[in-house]
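> Structure for this input, please:
(2 chains)
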Amino acid sequence: MIPFPLERIYLDEKAEKDWVTEKILQGFSHLSVERVRGKRELIKKFLSFHDPLEVGKKHLLITHDYGRRVKPCPGTSNHICCGYYVINPMTNCPMDCSYCVLQEYLNNPFLTLYSNLDDLIEEIGRFLSNHEENFIRLGTGELSDSLALESIFPVSQILIPFFAERKRAILELKTKSCSVDSILHLDHKERTVVSWSLNPSRIIEEEERGTASLEERLEAAQKCQAKGYPLGFHFDPIIFDREWEREYQETIRSLFKLIDPKRVIWISLGGFRYPPKLKGLAEERFPKTRIFLGELFPGKDGKFRYFKEIRIEMYQKMVKWLREVSPHLFIYLCMESREVWKAVFGWAPESSNHLNHLFEEQVKKFLDR
Amino acid sequence: MKSIEKIPISEVDLSDETFSVNFLPDLQSLCASIREIGMIQPVLLRRKEGGYQIISGYRRIRVLKELGISEVFARIFDENGKDDLQLFSFTLHENMTTRGFNTVEIALALHKLIHLFRVEPPEVIQTYLPLLRLEPNEKILNTYLSLAQMEDAVKEYVLSEAVSRSNIRKLANFLPEDRTILIPFLSSLKLGENRLREILNLLDEIARRDRSRVGEIVRHPELRAILSRRELTPSQKTEEVKRILLELRYPRLMEIEKTFERERKDLNLPPNISLFHSPHFEGKEWRIELRFETLEQYRHALFFLSQLAEEKKFVALIKEGVEQKP
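Prediction:
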């Protein structure tokens, strides 16, 4: 289900004849479709609105993307990243989280689906052939939610069988939705990880507009577990406030009431962080948000993060609570310094490559079980 | 346009402020000018039952009255000649080509356009903001509309301190009761544009985080104590106020900063050597700065630094870093 009902569809003439376009339009016969040539004029029009991002969530553009759509995850400088690759079959997210970095990252405010999916599959195929010596993790959740639009844009239903045949690659679908029904029947061969961003219910209600509730996410995860999918969970962004300890412990308890830790391939932890421009933008769009009220300071990469001692405290406690559930959980930190890794785990990956290697080991271990 | 007539001031209704946007007008210089050369520009009046209504020229008529002059040159509009909005436009045009408006008067003018003369906001944005030499932008309109509704003390503060639009927006976020407490507090400090922004941000963020009120924070005993210290200049008070607000806003950082200061002091560094921690204690890097004028001072400083490496307290600081004491 799309969180905010669509009001209009823009169809780029390049995309008119694609089978994907036909499929998308079938679902919206009640909406008017405006033919456009490119997106430049459309962007101009949207930017004149008081809140282009809000309006953009209700407007859909179907077009083509001829640029590179498989890229290394942008990560961040001076920090350890995990060597992840991102696939971008769409841009912008139908959900509306107050902390979402896309608010300042994308210049195009409307939901954009690239209907030249066959080109994308070809590109992924080429990319994997060129990187056969490496074990590659790729995901579609960077510039959108991986599953929230699945009911109208069946990209995961194409990617899952494609990755099922790959030996040196694994796909991750990251979501805050509960839209899993369309992928449950697929033969994934454990080559697709379905993962959820998790936060306590209060944070979801206050800061993650249009997303599924914690219970809905966990029930969806349970459905995927039943179908044998490896599961991932991302406690990211962790929000530090007076209630955080009680609420995150409760969230972890809720998670493992429904999920078998043996079916969890990885868990990431990431403290809330944001690029400098996001605060003004988000506080204007979400006047009630309280996430920027922590002790957050600019780091070496220019992004604001919680004061280092706070981050270490958060991660240490989260790791302790998770390890109490199962000492075998594979837990990693997202975009953190070696110093923080060391303080939390007593060791740190030598480099991003080293961390990527650890992921490869983990995947092998997981599949060999 | 009607011809100019001489009208007895006693027939002008000075209490009718339909077209007035005056706020704290500077009458002294106008008074001096009229006394010197008389009134050059006739005022605009509209005939109404029993007298005249002022369209433009409130300040001039008040000055003439104060000077004991009994008549005023005026252009007269008939009672039913033009509608109120047209006449209000005259006064806006006339003022913009002569004295101009101050920030509060612009706010009052925009407020009247929307709430009294019923002009739709999009038209105000497109037509009247450019007339008032402002960008046609909804955010700007809303900023001025919020100012128009604030208390007179806030308006006076905005004028006297030339408060910027972004700071007006911040003031608008506070409740009227809080602003009433806040303005005397701000007035007792020496705040430029940036300092004011910092102080307002700190107050706003502490209040939102703690779900408390800005008025309560301003009543914090430590803040009140600073304001009552007569030996401090307004600038010194401002720095002290900022320090306390920073401690309230960033308690953990400020606690470690204090620990670092204590440990740095214990090292007994000479005055020409300074030790700095990494920004916000994020990295492990340290920085030492030395200043000298002569070779001898330079040698002394280097000697001190080489000895410092053996100093237990220094070694502990570098190895263990600054840690928050429970």
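> use CA for all of it now, contacts and neighbours both
Noted.
> what are the ranges of the helices in chain A?
A:19-26, A:40-47, A:52-56, A:102-105, A:117-130, A:155-164, A:201-207, A:214-226, A:244-258, A:278-285, A:308-325, A:338-345, A:352-368 (DSSP state H).
> neighbours around B:Met96, how many?
B:Met96: 14 surrounding residues under other Cα atoms under 10 Å in any protein chain shown.
> what about it, which SS state?
In three-state terms, and counting by DSSP: H, G, I helix; E, B strand; the rest coil, B:Met96 is helix.
> so can I have CSV of the helices of chain A showing distance to chain B and mean neighbour count?
As requested, the helices of chain A are arranged in CSV below (distance: least, Cα to the nearest Cα, whole Å; neighbours: other Cα atoms under 10 Å in any protein chain shown):
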stretch, distance to chain B, mean neighbour count
helix A:19-26, 35, 16
helix A:40-47, 13, 14
helix A:52-56, 14, 20
helix A:102-105, 19, 18
helix A:117-130, 37, 15
helix A:155-164, 40, 19
helix A:201-207, 14, 17
helix A:214-226, 24, 19
helix A:244-258, 14, 16
helix A:278-285, 11, 16
helix A:308-325, 6, 18
helix A:338-345, 8, 18
helix A:352-368, 19, 16
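> Next, format these as CSV and append mean pLDDT and distance to A:Leu138.
Shown next, in CSV, are the helices of chain A (pLDDT from 0 to 100; distance: least, Cα to Cα, whole Å):
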stretch, mean pLDDT, distance to A:Leu138
helix A:19-26, 92, 22
helix A:40-47, 84, 29
helix A:52-56, 88, 27
helix A:102-105, 90, 19
helix A:117-130, 94, 10
helix A:155-164, 96, 10
helix A:201-207, 97, 26
helix A:214-226, 98, 19
helix A:244-258, 98, 24
helix A:278-285, 93, 26
helix A:308-325, 97, 25
helix A:338-345, 94, 23
helix A:352-368, 88, 12
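> Nearest to B:Leu113, out of these?
Closest to B:Leu113 of those, according to Cα to Cα: helix A:278-285, at 26.0 Å.
> who's in contact with residue 266?
All of this refers to chain A. For A:Trp266, the contacting residues are A:Leu231, A:Gly232, A:Phe233, A:Leu329, A:Phe330, A:Ile331, A:Tyr332, by Cα atoms under 8 Å, 6 or more residues apart in numbering or on different chains.
> Please refer instead to chain B.
For B:Asp266, the contact set (Cα under 8 Å, 6+ apart) comprises B:Lys313.
> residue closest to the middle of the chain?
Defaulting to chain A. For chain A, the residue nearest the mean C-alpha position is A:Gly141 (3.4 Å; Cα atoms, centre = their mean).
> What separation do you get for that residue and B:Glu66?
As judged by Cα to Cα, to the nearest Å, A:Gly141 and B:Glu66 stand 73 Å apart.
> same thing with B:Leu129?
In terms of Cα to Cα, B:Leu129 sits 34 Å off from B:Glu66.
> More neighbours: which of the two?
More crowded of B:Leu129 and B:Glu66, by other Cα under 10 Å: B:Leu129, with 19 against 11.
> The more buried one belongs to a strand?
No: applying three-state DSSP, one finds B:Leu129 to be helix, outside a strand.
> surely it meets B:Glu135?
Yes: counting by Cα atoms under 8 Å, B:Leu129 touches B:Glu135, with 6.2 Å between them.
> Leaving out chain neighbours, which residue sits closest to whichever residue of the stretch 1-150 of chain B sits closest to chain A?
When distances are taken as Cα to the nearest Cα, the stretch 1-150 of chain B reaches nearest to chain A at B:Glu138, 7.9 Å away. Nearest residue to B:Glu138 in three dimensions, chain neighbours excluded: B:Ile125, at 6.5 Å (Cα to Cα, 6 or more residues apart in numbering or on different chains).
> Would you mind giving the secondary structure of that neighbour?
helix.
> Next: B:Leu44.
Counting by three-state DSSP, the backbone at B:Leu44 sits in strand.
> The one 3 residues further on now?
Here B:Arg47 takes the strand state, with states given by three-state DSSP.
> Up against chain A, what does the stretch 1-150 of chain B have?
On the criterion Cα under 8 Å from any Cα of the partner chain, chain A has as its neighbours in the stretch 1-150 of chain B the residues B:Glu138.
> quick one: contacts for A:Lys14?
Contacts of A:Lys14 were listed using Cα under 8 Å, 6+ apart, and they are A:Arg37, A:Thr63, A:His64.
> The second one: neighbour count?
In terms of burial, A:Thr63 registers 25 neighbours under the definition other Cα under 10 Å.
> which stretches of the stretch 51-200 of chain B form helices?
Remark: helices assigned in the stretch 51-200 of chain B by DSSP state H, counting those that start in this stretch are B:58-66, B:84-97, B:103-115, B:121-123, B:129-131, B:138-148, B:152-160, B:165-172, B:176-187, B:193-210.
> Work out the gap between the fifth one and the centre of the chain.
Shown here is helix B:129-131, whose average C-alpha point lies 22 Å from the average C-alpha point of the whole chain (Cα atoms, centre = their mean, to the nearest Å).
> Then the fourth one?
Chain-centre distance of helix B:121-123: 26 Å, with Cα atoms, centre = their mean.
> With the second one instead?
Using Cα atoms, centre = their mean, the mean C-alpha position of helix B:84-97 is found 27 Å from that of the whole chain.
> what packs against that helix?
strand B:51-56 (3 or more Cα pairs under 8 Å, 6 or more residues apart in numbering or on different chains; DSSP states H and E).
> mind listing what the strand it packs on pairs with, with the direction of each?
Strand B:51-56 sits in its sheet next to strand B:12-13 (parallel), strand B:43-48 (antiparallel), going by DSSP bridges.
> Now tabulate the ones you listed in CSV and tack on distance to A:Lys58.
CSV is the format used below for the strands paired with strand B:51-56 (distance: least, Cα to Cα, whole Å):
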stretch, distance to A:Lys58
strand B:12-13, 55
strand B:43-48, 51
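> What residues does the stretch 151-300 of chain B have near chain A?
Near chain A, the residues belonging to the stretch 151-300 of chain B are B:Glu205, B:Ile206, B:Arg208, B:Arg209, B:Arg249, B:Tyr250, B:Arg252, B:Leu253, B:His280, B:Phe281, B:Glu282 when assessed by Cα under 8 Å from any Cα.
> Neighbour count and pLDDT for the residues you listed - can I get that in a markdown table?
Formatted as a markdown table, these follow (neighbours: other Cα atoms under 10 Å in any protein chain shown; pLDDT from 0 to 100):
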| residue | neighbour count | pLDDT |
| --- | --- | --- |
| B:Glu205 | 20 | 96 |
| B:Ile206 | 22 | 96 |
| B:Arg208 | 16 | 94 |
| B:Arg209 | 16 | 94 |
| B:Arg249 | 23 | 97 |
| B:Tyr250 | 18 | 97 |
| B:Arg252 | 16 | 95 |
| B:Leu253 | 22 | 96 |
| B:His280 | 16 | 94 |
| B:Phe281 | 20 | 93 |
| B:Glu282 | 20 | 92 |
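> the bottom helix or strand of chain B by mean pLDDT?
helix B:27-37 (a mean of 87; mean pLDDT, DSSP states H and E).
> Tell me the buried residues in that one?
By neighbour count with 16 or more other Cα atoms under 10 Å in any protein chain shown, helix B:27-37 contains the buried residues B:Leu30, B:Cys31, B:Ile34.
> same check, this time on stretch B:71-78
For stretch B:71-78, using 16+ other Cα under 10 Å, the buried residues are B:Glu71, B:Val72, B:Phe73, B:Ala74, B:Arg75, B:Ile76, B:Phe77.
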